[in-house]
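Colleague: Sharing a sequence plus its predicted fold:
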Amino acid sequence: MAEKILLLNGSPKKERSGSLLLARAFLDGLTAHGDFETETVHISALNIKPCLGCLTCWAREDATCVIKDDDIPAVRKKIEDADIVILCAPLFFFGLPGTVKVMMDRLLGMVNPYYGKPIPADGSSLHGFTKPHPGQRFVLISSCAWIEKEVVYASVFSQLDMILGKGGYLALTTPQMNAIVYHAGGRRLAKMQADYQKAGEEYAATGTVSEKTIAYLARPMFSDSVYQLFYEKMWRKPNGEYLLNAISKKSN
Ligand SMILES: Cc1cc2nc3c(=O)[nH]c(=O)nc-3n(C[C@H](O)[C@H](O)[C@H](O)COP(=O)(O)O)c2cc1C
């Protein structure tokens, strides 16, 4: 039977998302030699109401949310059924985009209630799934601007460690993404896509992606000086003057 892959795209750019280009390349590598069924869902195209904070999902026998008239019941079923869940998302203000967080809050019923116990010392999930799907795997594919991955992704990694457990997910990140997409005729983008495709093949063959590959995908593709020039150009008008907000930032 085909393995089900759910690709959740958390970028508001939907099909124009750079992170999605990387996730699709990873999927090309992953699905090349197996039997897979892939579904893509753009989170920002869904109707998702914010959590009401009632916690009644943890009191209800089927752990469902009190809100029934939006897209969460359907998305939750897709996540529960998927063998591999890939969340692709940009880094927004050093966290996941708000739309992704709103969706996650509404999925609280998927994990076990809090009983006031201390956090597990072995790095496992602080909650665990209510209805675990044996062998289910989670992948985060994210792109951002800043190069210093361990600093800028600290809150995202910390959040996912607590929800899925340390080692409970694979995280692939790539910096300088806007420059990769818009600079130099797409040569670097094609290279990065090829690298993600190889990472997908590695994931298919070994069930994981090595630390070496993860670090390679997170490498800067531009030198500091070239990258800074990209932004110098980005914050200027065609006549060379700085855009207003960029002037105030520069003079700080
Ligand atoms: C609202 C907003 C906040 C952002 N915050 C960060 C950030 O905290 N750190 C960072 O490195 N990049 C940040 N970026 C840049 C995006 O992460 C980056 O452009 C990303 O590659 C976009 O991916 P996408 O094309 O898949 O949407 C931000 C962009 C936006 C629009």
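Modeller: Here it is on my side, so go on. A quick note: this is a predicted structure, and the numbers were derived from the prediction, not measured.
Colleague: Now do the longest helix along the chain: which elements does it pack against?
Modeller: For the chain, the helix with the greatest residue count under DSSP state H is helix 187-206. Using 3 or more CB pairs under 8 Å, 6 or more residues apart in numbering; DSSP states H and E as the contact definition, the elements that helix 187-206 packs against are helix 18-31, strand 170-174, helix 177-182, helix 211-217. For glycine as for every other residue, the C-beta is placed from the backbone atoms N, C-alpha and C.
Colleague: Check the spacing between Tyr196 and Asp81 real quick.
Modeller: 25 Å (CB to CB, to the nearest Å).
Colleague: circling back: pick the most deeply packed of the helices and strands packed on helix 187-206.
Modeller: Taking mean count of other CB atoms under 10 Å as the contact definition, the stretch among those with the greatest mean neighbour count is helix 18-31, which reaches a mean of 23.
Colleague: pLDDT on that one, on average?
Modeller: Confidence over helix 18-31 (mean pLDDT, whole number) is 98.
Colleague: ditto for stretch 132-147
Modeller: Model confidence over stretch 132-147, given as mean pLDDT, is 97.
Colleague: Let's see the pLDDT reported for the residue in the stretch 151-252 of the chain that the ligand sits nearest to.
Modeller: In the stretch 151-252 of the chain, no residue comes nearer to the ligand than Met177, which is 3.1 Å away by CB to the nearest ligand atom. Listed pLDDT for Met177 reads 97.
Colleague: do you know how far it is from Ser143?
Modeller: Computed with CB to CB, the distance linking Met177 and Ser143 is 4 Å.
Colleague: Spit out the residues that contact these two alike.
Modeller: Overlap between the contact sets of Met177 and Ser143, as judged by CB atoms under 8 Å, 6 or more residues apart in numbering, is given by 18-19, 90.
Colleague: Output the set of residues of the stretch 51-200 of the chain in proximity to the ligand.
Modeller: 90-94, 143-146, 152, 177-178 (CB under 6 Å from any ligand atom).
Colleague: could the shared contacts of Met177 and Ser143 be laid out in CSV, adding distance to Glu61?
Modeller: Compiled in CSV, those are given as follows (distance: CB to CB, whole Å):
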residue, distance to Glu61
Gly18, 42
Ser19, 37
Pro90, 37
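Colleague: would you list every one of the helices in this protein?
Modeller: Ranges of helices within the chain are 18-31, 72-81, 98-105, 149-152, 154-164, 177-182, 187-206, 211-217, 224-234, 244-251, based on DSSP H.
Colleague: List the buried residues for the fourth one?
Modeller: For helix 149-152, the neighbour count (16 or more other CB atoms under 10 Å) marks 149, 152 as buried.
Colleague: ok, and what's touching it?
Modeller: 91, 94, 144, 146, 173, 175, 218.
Colleague: Leaving out chain neighbours, which residue sits closest to the fourth one?
Modeller: What it means is Trp146. Distances taken as CB to CB, 6 or more residues apart in numbering place Val152 nearest to Trp146, at 4.5 Å, with adjacent residues excluded.
Colleague: so who does the nearest residue to Pro220 once chain neighbours are set aside touch?
Modeller: The spatially closest residue to Pro220, leaving aside those adjacent along the chain, is Ile147, at 4.8 Å (CB to CB, 6+ apart). Neighbouring residues of Ile147 by CB under 8 Å, 6+ apart: 175-176, 220.
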